[in-house]
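S.K.: Predicted model and sequence follow; I will ask about them next.
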Amino acid sequence: MKRFRRHGNELYRERIKQDLFQFNKTVEHGFPHQPSALAYSPVLQLMAIGSRSGAFKIYGAPEVEIMGLHKENAAVTQIHFLPEQGQLVTLLDDNSLHLWKLKKNSDGLSILREESHFDLRGQPGAPPSVTTITVVLPHSSDVLFLGTEGGCVFVVEQPLFREQEERAITHEAVLQNVPDEYRSRRSLGSVEALQENPRTPHQIVVGYSRGLVILWDLKANQATHHFLGDQQLESVAWQRDGRMIISSHSDGSFCQWPVSNDRLPQPLEKAVPYGPYPCKAIPKIIWLATKQRTPFILFKGGMPRASYGDRHCVSVLHGSKQIAFDFTSRVIDFFVVDEGGSESDCDDPSALLVLAEEELVAIDLKTPSWPVIQSPYLIPLHCSAITCSHHVSNIPIKLWERIIAAGTKQTTHYSSKPWPVDGGYSSAPEPLQRDLLLTGHEDGTIRFWDASGVCLKPLYKLSTVSVFVTDADHNDNLNQSTEDEWPPLRKVGCFDPYSDDPRLGIQKIHLCKYSGHLAVAGTAGQVLIMELNDEAVDQTVACTLVDILQDQDTFKWKGHGRLNPHEDLVQFAAGFQPFALVQCQPPAVVTSLALHSEWKLVTFGTSHGFGLYDYQQKRTVMVRCTLHPSDQLALEGPLSRVKSIKKSLRQSFRRIRGTRASARKRPVPGSNAAKIQEANARMDREALNEMELAPVQRRIEARSADDSFTGFVRSLYFADSFVRDGSYHEPSLWAGTNGGTVFAYSIHVPPVERRMEEAVTTAQAKEIQLMHRAPVVGIFILDGRGVLLPEPLEAAHDLSKSPDMHGNHMLLVISEEQFKLFTLPKVTTKTKLKLTAIEGSRVRKVSVANFSSRRAEDYSENGLLVLTNLGDIQVISLPTLKNQVRYECIRKEDVSGIASCVFTKSGQGFYLISPSEFERFSVSSKWVVEPRCVIDIEEGLGTRTSQQRIPQDGPVTQPNSREVVQSRQNYKLSRQTSVGSEGDETKAVEIMEHALLNDERVLLEIQSTLESESASTDRLSFGHLNRNSKNVAGVQPQDQRMINGD
Amino acid sequence: MSRSYGKPGSLRVFDMVAVEVKSKFGAEFRRFSLCRYKPGKFDDFYNLILHTHNISNMDVLIGYADVHGDLLPINNNDNFGKAISVANPLLRIFVQRKEEVDYDLFGTDSLTRKKKPLGGLRTDTLRKRVHLSISIPQDFRPVSSIIDVDILPETHRRVRLYKHGCEKPLGFYIRDGTSVRVTAHGLEKVPGIFISRLVPGGLAESTGLLAVNDEVLEVNGIEVMGKTLDQVTDMMIANSHNLIITVKPVNQRNNVIRSSRMSGSSGHSNDSTNSHHSISSAHVMQNYNPEDESDEEADIIIDGTEDPQSIPFKSLSSSFTTSRTNNGNLYQKIQKELTFNDSIKESKGNIFKTLTAIKAEARHSLALSRGGIEEDGTVITL
């Protein structure tokens, strides 16, 4: 009976869990990693961006995004929307063609589905170049023209991908009417351009790389015109009226040719826009007519080779006006959005969109100054490398509006025009709450993002650089180009991977959403306390130096020096303005930070200790050195990689020597040579032996007090609790170190009326040494009901959240290895959960989240959201410390992804899947932000009408969203009978990351970029050098061997 | 230190004169108490035990459980006094008939086991006669043991390494490797974890129970199959205070010999030869209780409040011993001297020395704030 009931309870519990937890990766924020192709459909007003990982994504109006992923792990080199259809053709770099269709699923959500794929096959024995596709032209008559490297144009019927051999455009046919002297001079080369005449579709222009351009008549199946170019051809474009073509060449020139009755026309005009010195090639050119008769000519590249050959430019020529838009990363492709419509005589371009490797820039061509249009999505998150992130849920409307207002003042230089790509629309309900994601960057800036919905919208950018004296101060005016400079370069885009001073890097952020107080800590031990101000001011920043070592001057800091703050007035724009600066001495990277806006205290920790600062009185309250006296490594500053580099160099030399020795196979007669060879061989063997003796092995040793970096402060926490006495609660500060020590201080905060006169004092209340000595990654205090104590001022703003202050508070200490709940004030263990001892995984990130049931409106549970070093997400119940669910989230080799993960209070999270993209996930079944969009395709587009997914966000409480829930519930049923569309949906949702992860090469690259970007900080923030390096074992086995073998 | 101990109401253990004794003989328990400060002589205690258990006609050996859960013998005044002094709060006594005594529990050396009857242990004659005796008995404690032999296949060996109370490093390395398993489809190569290296002088090497290329099958009862090298490393480190690893020894020849109760293993530790068949149940329970005993007690709380806090002696000393000390005997010294301090109030200078040692040690291991202990800080434990 009893057992039976318990069983029932478990079932009940399982059901509750299902209502509470559900894991979804929903959407990517940011800019796709390594884009490789761009396409635009003027009819659908959608653009598609393909990436080297084999994924492509369709974007329309904000929050409209759909993804497709090729099964093949190959880069997408070209994407073409089929005219007048909701279909696309993609070309991969494995030379395969894929036809994709926008389909609508049962929920009205649309997805991309691969319909068919096609490999072009030539005659048996033909060289591969014959079938290597260089250009694809989707013709309006439902055929595809495929230009190849061999110079032949194949015709493929759509959508079945059936080759029409009789229609192929062969060399022989092309060369029939070419003058003899031209024919004998050269072969045709590969097909470089295929364009359909905008007026007479049966005419297509075919351009060959050796310079010949022909006009091919599809009806007659023969070449009608021959344009005898004598330069390497790069691209060809039609003029709107079909009376002229324009060709661009590898010497940086372009040529206009008339299309008339003359079958062998001469060029009308030939120009080298950036001559007369040698110029780089113009790989793409377009010609656009306007009502004013002055055409727009847009082209990529063509810069003077010697002085500007390294620039990535797209030039716009309009009459006498010419600007070369200068990008910081390679330009992939560009297109122009025009307002002309298909019937009009002119294109009337309104915006130019340029896809560069690291960002997408839209330029407004209607406004005379050609300003940039601010993009609502595809923002490069990594314009300077992200060094940390901080999420604040449920921002009060007042603070939200003030941040937006401050942000608006920063974006005045943008065009007022709306975003030009606006296909589809979002049916998503307004998000119920406002969430803010703050990212700290290497260049000392903090970006504020609206993370409430599917689009991560930039709100405001804060720079801490102006507080300090930097080298960049004086030479910043170089970019201001004067009018008559040639070429007329204009810098656009915000991707700027170069940091003036790595010490400016932001490491920790803490924002109090009620008071608007913000604390920001950086690489050189600087802690800035800021306050939101709607007006610009000139003010000095109160600077305090804090000696963390507290006169233990036997040590010498060998790391970077501290930053030099401005001593005089500094002008700060409206927004967050720093008023106090604390600089740690030694200026080690700040590893932990907490701010209490009610007590006006801020605490910060480095690898040497922690301090408490009173920002009301601008005075240091307390400093505690946690350094172990013998811990030289921590003292010396950021770890140098010199040692390991030396070692790896040695090893690789050894290997080189080995290969050389073995390559020298023939024994050379003569005693000396033989001896040398023998010696070489012996050395070889030794090296080999050494390698074998030092396999990837791990030392098994208990952690000890003598380990390095035990004093490293990992977590800091303010709480109003029963620290010393069970009868009264008082402010307290808790600090946890890498060596498993927790320090507790009781703080005396004077009453408000005497806050300025009386000093804040502290007294040490507790010191807990965890036996297992694992790093303390989280400290929380739960109130009498087992609920986390509220944030400062939270109770004052929301009375329902006031904590239970009737004693029985519990201290939750989370180390990398286990969770432990202690009683307070007398610290005795109540409950614990061992993670590492059982599973072998360690806690990387932990946060308290509230999980609401999707069924019962008022039911919710608190839980710990935990990310382990294996990339698992786990939920652990509070205060019972029982493991609830576990999901695999991040690949365990993806160290940077794990390091970048940040949780929200509602059970969602973000992590970087590439330097430029956040993946959003949700563990809560109620709070899911996922794309849900609708694209209405006009009837005229035929039967292939499809709908696209439009992002939908917000909690699943709106009627619209409830359908989703419903459909999810039905999912199991429907899957039994037929493959439900839900399956496709989930697939579509996850693919971008899958694409990245499938691609080992990309992964390695991401890894290496991130590694090098934040090498020192990463190491520091994860403490143990050898533990950290362990994680990259899969990626860098070589390093492993060196660190661990001895 | 004595100041805080002497404060009224600090802790029942230290202020109560009586030491609670729980004596076990076979399945029977007897409870009685002794005066902490005047424990008396060993012979009296021996007779008392015989009397309380009603076994006056028997020759028995008396042992007690020390702070680490190790069974140590009581056979002279010295170790009897120490047993009383470390009782916290309970002194657990195990009485065994001399015929049934399992000497391995005491970790004495093999000579005595083979040759000496119980009497030798009990009296001091042993020490005089056997010059091979290494040290006083309380210095003996197991460093390793083979456990669960009855439930494991013969080819496997479950080894427990006693890290606590030992300043030796665990001292071994593990690596990835391939192992061959017999499956339904025949022999199959599967990835496995192997011991790759033993550090000379380390605990692992000194036990002689582990060898290079032994395959690791379990860590504290959890299979390592399917886990990565890093995971297994983390698991071992997380369990390092009471590490139990199940291995498949690369050298399978010793298995047979062991089961025939002959001493024949590598022999660095005499313990390894035949401890597997004779661990008393009480002892097994004590030692094989990784969860609650060893590390739970070990978290150290230093309370900085004005209120005097209790100081469980046990944890203080255990924490000191777990932190690596150069003086292996410091622990015992502290024990002894503090006992004397409290009871007989002698050798002031000695105490001072000890206290200084404690302070130095404590600061070293716990990174106490200056004057953490000597001012108002006291140490309590969980």
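M.R.: Happy to help now that I have it. No experiment lies behind these values; they were computed from the predicted model shown.
S.K.: So A:His312 sits against A:Leu355, correct?
M.R.: No - with contact defined as Cβ atoms under 8 Å, A:His312 and A:Leu355 do not form a contacting pair (11.3 Å). Bear in mind the C-beta positions are built from the backbone N, C-alpha and C, glycine included.
S.K.: mind listing what B:Lys41 touches?
M.R.: The contact partners of B:Lys41, by Cβ atoms under 8 Å, 6 or more residues apart in numbering or on different chains, come to B:77, B:80.
S.K.: For A:Arg624, see how far away it is.
M.R.: Distance of B:Lys41 to A:Arg624, computed by Cβ to Cβ, to the nearest Å: 51 Å.
S.K.: Ok, A:Ser721 next?
M.R.: When Cβ to Cβ is applied, the distance between A:Ser721 and A:Arg624 equals 19 Å.
S.K.: what about those two, which has more around it?
M.R.: Neighbour count, other Cβ atoms under 10 Å in any protein chain shown: between A:Ser721 and A:Arg624, A:Ser721 has more, with 25 against 21.
S.K.: give me the residue from the stretch 851-1000 of chain A nearest chain B.
M.R.: Distance from chain B to each residue of the stretch 851-1000 of chain A (Cβ to the nearest Cβ) is smallest for A:Leu870, at 7.2 Å.
S.K.: quick check, that residue in a helix?
M.R.: No - applying DSSP: H, G, I helix; E, B strand; the rest coil, one finds A:Leu870 to be coil, outside a helix.
S.K.: Help me confirm that it comes into contact with A:Ser841.
M.R.: Yes - checked against Cβ under 8 Å, the pair A:Leu870 and A:Ser841 is within contact range at 4.5 Å.
S.K.: low-scoring pLDDT stretches of the chain, where are they?
M.R.: Defaulting to chain A. Scanning chain A for pLDDT under 70 picks out the ranges A:1-7, A:184-186, A:340-343, A:471-484, A:551-555, A:630-695, A:799-801, A:807, A:936-1046.
S.K.: nope, chain B
M.R.: For chain B, the stretches flagged by pLDDT under 70 are B:1-16, B:100-142, B:164-166, B:254-298, B:304-382.
S.K.: In it, which residue sits closest to chain A?
M.R.: B:Gln231 (2.9 Å).
S.K.: Now do the contacts for that residue.
M.R.: Residues near B:Gln231 by Cβ under 8 Å, 6+ apart: A:839-841, A:870, B:224.
S.K.: please redo it, this time with the cut-off set to 10 Å
M.R.: By Cβ atoms under 10 Å, 6 or more residues apart in numbering or on different chains, the residues touching B:Gln231 are A:836, A:839-842, A:869-870, A:892, B:193, B:219, B:224.
S.K.: Need those in a markdown table (columns: secondary structure).
M.R.: Shown next, in a markdown table, are those (three-state DSSP):
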| residue | secondary structure |
| --- | --- |
| A:Thr836 | helix |
| A:Glu839 | helix |
| A:Gly840 | coil |
| A:Ser841 | coil |
| A:Arg842 | coil |
| A:Asn869 | coil |
| A:Leu870 | coil |
| A:Lys892 | coil |
| B:Ile193 | strand |
| B:Val219 | strand |
| B:Val224 | coil |
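S.K.: Among those residues, which one sits closest to A:Pro127?
M.R.: For A:Pro127, the closest of those turns out to be A:Lys892, at 44.1 Å, with distances computed as Cβ to Cβ.
S.K.: Mind listing what's buried along whatever helix or strand B:Leu91 lives in?
M.R.: Element membership of B:Leu91, judged by DSSP states H and E, is strand B:90-97. For strand B:90-97, a neighbour-count test (16 or more other Cβ atoms under 10 Å in any protein chain shown) marks B:91-96 as buried.
S.K.: A:Ser416: neighbour count?
M.R.: A:Ser416 is surrounded by 10 other residues when neighbours are defined as other Cβ under 10 Å.
S.K.: element containing it?
M.R.: Judged by DSSP H and E, A:Ser416 forms part of no helix or strand.
S.K.: and if you look at A:Ala173?
M.R.: Assigned by DSSP H and E, A:Ala173 belongs to helix A:171-175.
S.K.: Export that helix to PDB, keeping only CA atoms.
M.R.: Listed next in PDB are the C-alpha coordinates belonging to helix A:171-175 (Å, rounded to 0.1, in the frame of the first residue of the first chain):
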ATOM      1  CA  HIS A 171      32.000  26.200 -77.000                       C
ATOM      2  CA  GLU A 172      31.500  25.200 -80.500                       C
ATOM      3  CA  ALA A 173      28.200  27.000 -80.800                       C
ATOM      4  CA  VAL A 174      29.500  30.100 -79.200                       C
ATOM      5  CA  LEU A 175      32.600  30.300 -81.400                       C
END
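S.K.: Centre of the chain to it, how far?
M.R.: How far helix A:171-175 lies from its chain's middle: 49 Å, per Cα atoms, centre = their mean, to the nearest Å.
S.K.: For A:His312 and A:Leu355, indicate the residue with more neighbours.
M.R.: Legend: neighbour count by other Cβ under 10 Å for A:His312 and A:Leu355, higher for A:Leu355 (26 against 19).
S.K.: where does the more buried one fall, phi/psi-wise?
M.R.: As for A:Leu355, its main-chain torsions (degrees, to the nearest 10) stand at phi -100, psi 110.
S.K.: Now do the same contact list for it.
M.R.: Taking Cβ under 10 Å, 6+ apart, one finds A:31-32, A:35-39, A:47, A:49-50, A:327, A:330-335, A:361, A:378 in contact with A:Leu355.
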